[in-house]
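> I need the structure of the sequence given here:
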Amino acid sequence: MFHRLFPTVACLAIVFFVPRLVAQPAPPDYPPLNAKATADFDRTWARYQKRAPDSGSRDIYTFLLNAVALNWRPEKWSAVIDLAEELHDRDPDSLTYGNYRWYWSDPHPNDRNAVEFCMQTASLTWMLYRDRLPGDARAKLAAALALGSEGMLRHKVAVSYTNIFLMRLANCILIGESTGQPDLVKRGRAWLDEWLAYTRDNGIHEFSSPTYYGIDVEDLGALARYAQDPDVQTKAEAALRLFWTDIAANWFTSYQGIAGAHSRDYGFLTGHGLLDQQLFRAHWLAENPGGESRPVLDDLASWAPPADLRATVDDPPRRVSQQWGPQPWERATHYIGRSFSLGTAGESYGAQDKVLALTLAGGPQMPIVNFSLDYRGDPYGQSKIAEASGHIKLMHLVPFVASVQRGPEALLVAVYDPAYAINPAGKSQPMHYAGVGATFVLPSGVELWDARGPLAADATEQALAGDSPLFLRYGNTAAMLRFVFTRDDRSRPAKIMLVRDGLAVGAQRLTAVLAGSAPRGRVIAAVWVRATEGLANDAAFTAFRRDGLEAVAHSAATVDGDRLDIAVPGLSAPLKLSIDLHKDKRLAVEGADPAMEHGILNVNGRDIGTPCLTSR
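The predicted model follows:
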């Protein structure tokens, strides 16, 4: 019975009985809308009222925040809330009671993160602008917040699900404080302490995500700015310092962004996302990068990192190792030079991750040299599909991955067995294979050489010798890419192809063809990357190639039953991986710098991450 009455009782308390506890910082004073901006709002509102299948609750509540902050047609605000609330699950017997349908096309709440995203903007609207709301709109928004809070309390979120865990706890604290609900505040504070404890031990789980770091710093920024409890503000600022220190550590100036391996990256070719808006506001980017922009939310939730924060990390060349989970292999390693960066992850994160990324100094729009297993005939990540939640995303396979990196050199093994694999799009989605290719995306503007010499620049497709590395050159930077070991789905060495079918998006690819259609069995690709910079002339590049070919002659790959052993002579130490192929188990990972293997954020052998959360 309590759950049935909760929204009504709570919203009455919000509207009529709860005084403000502490005055909030004043929101920005926006100028009146001009005729063009008003017309844009009108068109957007007309479109939302059509209930298009691909629009929904998050869009409408973001629209409400913008409309109220910019004072667009106050007489419409009540109707905007009504429209959003059509998507709210009001059935107390439903498993998703209090949550929202994300899209109009959803028959029921499919992506349960919808309630957090709706409450993020709804809470700011209430907290900062409720005095502007006409009485009916205020009562409706109060009821929505009460029912949405119930939805968040019922939503089970793992502490490792960084962006949603932070968003939920921030929403609960801010809604609870602004509506006089101490139990809701208490729950949010407990979650904040849980996340801080987990992160002190395990690092940021959704590591280096160009999209979700943007959301994370928004969640924490809102807490740091608007939480009424000074202790909450202090903890939020400590977490923000960790995020921004992480960003600074992985910052590659010649790329203008965070480089290296990424957990969840929707910018397949160039690796950019929502974080760019925060980087621009912090004056870390000279130009607005475009893409998704939510100016009011960004204004309200941005937190400016200290001006000297970037100076706390060492100048390039810089070595970074960060933990992102409790297992020893849940680490990302990154070498940042002046004209390239090389990063690897010790395990696959998901269908949008980057487990091996070589970034060149061609600016933010140059494609990254990115290794992945393509299965959809979409090697450049340009053809998105619906996942189980209904969102349209790019997809690649999620293989078992093991890697070792020391400085500007890395060895990585990817193993994929279709008999045990998880569908990247979700269990309920069909699994359609166009084949399987272990692929390096390459920028179209690099010079390419094999063991014999330069490759023809006008050939659409070229077969390469399986034992030959590919050398690329860009300015004073060079890299060697080699498939040390491959097995296709018939247990044969894979065919290695250089294919120039991505010139329209500024890319080309080096692919080991592991299956021509749906794979019949396990496929394997082991890759070795070595990079250098500061090549003064052609002779220096020739010497780099010569040294690489000599090292190739001393590399080895052996299979004994289900055991795979890979060893290459590294620049400063041999790199070795031993894998149990049947159990997907790392038997040996050797060659990493031991000084880099401690701490949640290690730069050149010192943990600079843990102090962010412990020194206050």
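> which residues in the stretch 401-550 of the chain form strands?
409-416, 436-443, 447-449, 461-464, 470-474, 477-487, 495-502, 507-515, 523-532 (DSSP state E, counting those that start in this stretch).
> Give the full set of residues in contact with the spatially closest residue to Ala425 that is not a sequence neighbour.
Leaving aside its chain neighbours, Ala425 sits nearest to Glu387 (4.6 Å; criterion: Cβ to Cβ, 6 or more residues apart in numbering). Using the backbone N, CA and C atoms, a C-beta is placed for each residue, glycine as well. Neighbouring residues of Glu387 by Cβ atoms under 8 Å, 6 or more residues apart in numbering: Ala351, Lys393, Met395, Pro424, Ala425, Gly426, Gln429.
> related to what we said a few turns ago, now render the strands of the stretch 401-550 of the chain as a markdown table, adding distance to Arg376.
Converted to a markdown table, these look like this (distance: least, Cβ to Cβ, whole Å):
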| stretch | distance to Arg376 |
| --- | --- |
| strand 409-416 | 14 |
| strand 436-443 | 10 |
| strand 447-449 | 25 |
| strand 461-464 | 19 |
| strand 470-474 | 24 |
| strand 477-487 | 20 |
| strand 495-502 | 14 |
| strand 507-515 | 12 |
| strand 523-532 | 15 |
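> So which of these is nearest Val157?
With distances scored as Cβ to Cβ, the stretch of the strands of the stretch 401-550 of the chain nearest to Val157 is strand 409-416 (29.1 Å).
> list the helices and strands that closest one packs on?
strand 340-345, strand 369-374, strand 400-406, strand 523-532, strand 563-568, strand 575-580 (3 or more Cβ pairs under 8 Å, 6 or more residues apart in numbering; DSSP states H and E).
> Out of these, which is the most enclosed?
Comparing the helices and strands packed on strand 409-416 by mean neighbour count (mean count of other Cβ atoms under 10 Å), strand 340-345 comes out on top with a mean of 28.
> what is the rounded mean pLDDT of the helix or strand hosting Arg43?
Arg43 is part of helix 35-49 when elements are defined by DSSP states H and E. The pLDDT scores in helix 35-49 average 97.
> just stretch 153-168 next, same as before
Mean pLDDT, stretch 153-168: 98.
> May I have the distance across that stretch, first residue to last?
The straight-line separation of the ends of stretch 153-168 (Cα to Cα, to the nearest Å) is 9 Å.
> How about stretch 307-327?
34 Å.
> What residues sit buried inside that stretch?
Leu309, Arg310, Val313, Pro316, Arg318, Arg319, Val320, Ser321, Gln322, Gln323, Trp324, Gly325 (16 or more other Cβ atoms under 10 Å).
> One more: stretch 485-493?
Phe485, Thr486, Arg487, Asp488, Asp489.
> Identify the farthest-apart pair in those.
Phe485 and Asp489 (15.1 Å).
> Please name the nearest non-neighbouring residue to Leu397.
Per Cβ to Cβ, 6+ apart, closest to Leu397 is Leu373, 4.0 Å.
> Helix or strand with the lowest mean pLDDT in this structure?
Within the chain, confidence by mean pLDDT, DSSP states H and E is lowest for helix 2-12 among all helices and strands, at a mean of 42.
> Excluding chain neighbours, give the residue nearest to Gly426 in space.
Ala388 (2.7 Å).
> Check which element follows the helix or strand hosting Met167 along the chain.
Met167 is part of helix 162-179, with elements assigned from DSSP H and E. Downstream of helix 162-179, the first helix or strand assigned by DSSP H and E is helix 182-202.
> Fine by me, we can end here.
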